[in-house]
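In: Test case, fold it:
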Amino acid sequence: MRFHFPVALLCLAVMAGCASAPPASFRAPALPEVRVREITTLLKSGSYLQALQNIDAFHRDGLSAPDIETLKTQALDTLTKDFNDATSAARYDDALRLFDSLNAAGVPDRAGEWTQKSLLVKRAQSEEKAGDLVLALLTRLRILGVGTPTDDDYAAALTLAARANNTPVIHALAASMSARGMTVPAAPQSPPPTFAQMISGTVTIIVDKGIKVQNGLGYPDGVIGSGFFIDSRGYILTNHHVIESEVDPKYKGYSRLYVRFSDSPVGDRIPAKVLGYDATLDLALIKVEVTPKYVFSGSRDQTLLPGDKVFAIGSPAGLEKTITSGIISAMGRQLQQVGESMQVDVPVNPGNSGGPLFTDSGNLVGVVFAGIQQYEGLNFAIPYTWVEKALPSLYKGGAAVHAWLGTAVAETSKGLEVTYDLPDEPAANADIRAGDIIESVDGVAYSKLADIQAAILDHAVSTLVKVGIRRGEDHLTALLCLTQRPDQPIEVALKRDARDNVLYPLFGMQLKNVGSFFWKSDYVVTRVTKGSVADESGISENDPLTIQDWQVDTDKGYAAIQIVIKKQKAGFLESAIQIAAYLETNNFI
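Out: Residues are numbered from 1 along each chain as shown. Next comes the predicted model:
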């Protein structure tokens, strides 16, 4: 797992050779009959949601054909049948996905008596019956955000929070219920947990990778990290990068996972297994057959501000049961592919990764995931809000699967402006274009990248969503069928598209080719995204440049480009510069 330091901290490699990219695919405007045949083929293959997406684009393009409405009815009939089958079989995750698709397609009445809330209630009951109290509580809290919640909805959530011993949620619900004028059941008063109690809820994670041979000598190889219990059944949360060798199909070496408890004798450890992992959010859920003495819990309703005091527990450099404290330095750092990170000055070191970040009252507020050793006090954590987003996928087991639109956007004064569409993904297939402004998803307006990323995370793959876009003065809606987000969108883009097109989402500069001579091409910069690598390198619109060399290093996770440029900001004096960017960009939704 790599995360995105500011551009000034990116150490550039010396470039050697030139990596070329395949040419961009070109799709000529299809005749209506051809488009109808494509839709028919999708229906025959069972891809009725993609067919509905294409039918929507067909109408949006102003086309007409005799059979198009018949095809739409066939697609909707299949969608309705699948929804009814899912509800009959009590597959409520599928039912919710298909209900959302019916709603986006504008035919919610096809769901009959079912509503989003009634489906969520059924799912919560199913999760509670299976003993998944953490998931059931998350679903109960989601119900409170659907429509107008009733007193019974709050009471059910409070009862479940008490069963799960989630004190932060109990307090948040009690405050909301009091504000509504509801009678709040008296809860037994208990003091905040002690540090000794919280230490008992943390573990040291050990990944034994056998012996590493260097210069003819063998050395013990492994990873030390931290983790903490979030479920009384022995479920432990940690970072994906700590246990990566356990789940990475590219890793062919020896790897065994163990945990050591805070009160274990020196050298004692027990086996553990990975249940679920999320490379995008850098989280993993592992399990041991032990009943923990303490379980951490958090709440999405906590208000955190720079300056608030926080604590961390972990095993820096293998020194177990280490407690450190500090303050929140900043919120909203965009260091990962999705979401935001919290910057803290709590001292952390290798071995702290995966440990809990919490307040003095014991409320979990994040998961420590990184520190920059050469910069004292520059450390980061994943906020609990994003941890909560990841938990349902982690509990399902295996690799987390996230949905996406397949487009890169930039926060501009106009709104969320599309900078790039990955070929053959929903946004490109729905003809969303660079320069379009994404205004809403399913009727909810968004202007912040992290907010729309969070909204998409709430949807499953193969769900229809209605996206509102602004193109010039026109306001349009597009029906998109969400697909699976790849682990590395830029790497996929470089395989599917021309290099010149990928420069925009990667470096933040859009180029126009104005001529080529042998292996060199001349360009003019037509657009620069504020805050991007190009912007911080002093590149401006209308700057002429020539690309001299280009390199992509997937192992180290960066791309670098050498250019000769005449910058306006430098009086058009010619200079040769090299700029680099991490392949794990954070601008895709």
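In: Residue 317 contacts residue 353, correct?
Out: No. The pair residue 317 / residue 353 is not scored as a contact, 11.8 Å apart, by C-beta atoms under 8 Å. To be clear about C-beta, it is placed using only N, CA and C from the backbone, and glycine gets the same treatment.
In: Looking at the two now, which is surrounded by more residues?
Out: Per other C-beta atoms under 10 Å, whichever of residue 317 and residue 353 has more neighbours is residue 353, with 28 against 11.
In: Isn't the more buried one up against residue 243?
Out: No. Counting by C-beta under 8 Å, residue 353 does not reach residue 243; the two are 10.3 Å apart.
In: Need the overlap of contacts for these two.
Out: Residues touching both residue 353 and residue 243 (C-beta atoms under 8 Å, 6 or more residues apart in numbering) are residue 225.
In: As a check, name the ranges of all helices in the stretch 451-589 of the chain.
Out: Secondary structure of the stretch 451-589 of the chain (DSSP state H, counting those that start in this stretch): helices located at 489-496, 499-507, 533-536.
In: Where does pLDDT dip in this protein?
Out: The model of the chain has pLDDT under 70 over residues 1-30, 187-189, 373-375, 517-519.
In: can you tell which of the helices of the stretch 451-589 of the chain is closest to residue 194?
Out: helix 489-496 (44.6 Å; C-beta to C-beta).
In: What is the biggest strand by length in the chain packed up against?
Out: The longest strand of the chain (DSSP state E) is strand 217-231. When contacts are defined as 3 or more C-beta pairs under 8 Å, 6 or more residues apart in numbering; DSSP states H and E, strand 217-231 sits against helix 133-143, strand 202-214, strand 235-238, strand 309-314.
In: Mind putting those into JSON lines with distance to residue 174 and mean neighbour count?
Out: JSON lines is the format used below for the helices and strands packed on strand 217-231 (distance: least, C-beta to C-beta, whole Å; neighbours: other C-beta atoms under 10 Å):
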{"stretch": "helix 133-143", "distance to residue 174": "14", "mean neighbour count": "22"}
{"stretch": "strand 202-214", "distance to residue 174": "28", "mean neighbour count": "18"}
{"stretch": "strand 235-238", "distance to residue 174": "26", "mean neighbour count": "25"}
{"stretch": "strand 309-314", "distance to residue 174": "23", "mean neighbour count": "22"}
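In: Check the helices of the stretch 451-589 of the chain for me and report the most buried one.
Out: helix 499-507 (a mean of 23; mean count of other C-beta atoms under 10 Å).
In: Take the helices of the stretch 451-589 of the chain and write them to JSON lines, including distance to residue 585.
Out: JSON lines is the format used below for these (distance: least, C-beta to C-beta, whole Å):
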{"stretch": "helix 489-496", "distance to residue 585": "6"}
{"stretch": "helix 499-507", "distance to residue 585": "6"}
{"stretch": "helix 533-536", "distance to residue 585": "10"}
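In: of all the ones you listed, which lies closest to residue 332?
Out: Set against residue 332 and scored by C-beta to C-beta, these come closest in helix 533-536, at 18.1 Å.
In: helices or strands next to the closest one in the packing?
Out: Under the contact criterion of 3+ C-beta pairs under 8 Å, 6+ apart, helix 533-536 touches helix 499-507, strand 520-528, strand 574-582.
In: So which residues make contact with that helix?
Out: Helix 533-536 has contacts (C-beta under 8 Å, 6+ apart) with 7, 8, 506, 507, 508, 509, 525, 528, 529, 579, 580, 581.
In: The last one contacts residue 507, correct?
Out: This means residue 581. Yes. With contacts counted by C-beta under 8 Å, residue 581 reaches residue 507, the gap being 5.4 Å.
In: ranges for the helices of the stretch 1-150 of the chain?
Out: So, for the stretch 1-150 of the chain - with DSSP H, counting those that start in this stretch - the helices run 32-44, 48-60, 68-88, 92-104, 116-129, 133-143.
In: what touches both of residue 317 and residue 353?
Out: Joint contacts of residue 317 and residue 353 (C-beta under 8 Å, 6+ apart) do not exist.
In: Show me how the protein divides into domains.
Out: 7-23+498-582, 32-117, 195-398, 403-484 (automatic domain parsing).
In: Could I get the ones you listed in CSV, plus columns for distance to residue 185?
Out: Shown next, in CSV, are the domains of the chain (distance: least, C-beta to C-beta, whole Å):
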stretch, distance to residue 185
domain 7-23+498-582, 49
domain 32-117, 23
domain 195-398, 18
domain 403-484, 30
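In: Identify whichever of those domains lies nearest to residue 186.
Out: Closest to residue 186 of those is domain 195-398 (C-beta to C-beta; 19.7 Å).
In: How far does the closest one sit from its chain's centre?
Out: 18 Å (C-alpha atoms, centre = their mean, to the nearest Å).
In: Quick one: list the elements packing against the helix or strand that residue 197 is a member of.
Out: In the assignment (DSSP states H and E), residue 197 maps to helix 195-200. Helix 195-200 is packed against strand 309-314, with contacts defined by 3+ C-beta pairs under 8 Å, 6+ apart.
In: Which is the succeeding secondary structure element to the strand it packs on?
Out: By DSSP H and E, the next helix or strand past strand 309-314 is strand 322-333.
In: Strand partners (parallel or antiparallel) of that next one?
Out: strand 309-314 (antiparallel), strand 341-344 (antiparallel) (DSSP bridges).
In: Send me the longest one as PDB with only the CA atoms.
Out: By that I understand strand 309-314. Taking Å, rounded to 0.1, in the frame of the first residue of the first chain, the C-alpha atoms of strand 309-314 are listed here in PDB:
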ATOM      1  CA  LYS A 309      -6.200  15.300  21.700                       C
ATOM      2  CA  VAL A 310      -5.900  11.700  20.600                       C
ATOM      3  CA  PHE A 311      -4.000   8.600  21.600                       C
ATOM      4  CA  ALA A 312      -2.600   5.600  19.800                       C
ATOM      5  CA  ILE A 313      -1.600   2.100  21.000                       C
ATOM      6  CA  GLY A 314       0.700  -0.100  19.100                       C
END
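In: Could you check the angle that strand makes with strand 217-231?
Out: 130 degrees (axes from the mean of the first three to the mean of the last three C-alpha atoms, to 10 degrees).
In: what residues does strand 309-314 touch?
Out: 195, 198-199, 202, 226, 228, 321-328, 344, 346, 348, 351-360, 365-366, 368, 381.
In: Of those residues, select the buried ones using a PyMOL command.
Out: Provided next is the PyMOL selection string for whichever of those are buried by 16 or more other C-beta atoms under 10 Å:
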select buried, resi 198+199+202+226+228+322+324+326+328+344+346+348+351+352+353+354+355+356+357+358+359+365+366+368+381
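In: what sits against the nearest residue to residue 56 once chain neighbours are set aside?
Out: In space, and not counting its chain neighbours, residue 56 is closest to residue 479: 3.7 Å by C-beta to C-beta, 6 or more residues apart in numbering. Under the criterion of C-beta under 8 Å, 6+ apart, the neighbours of residue 479 are 52, 53, 56, 57, 104, 105, 430, 464, 465, 466, 467.
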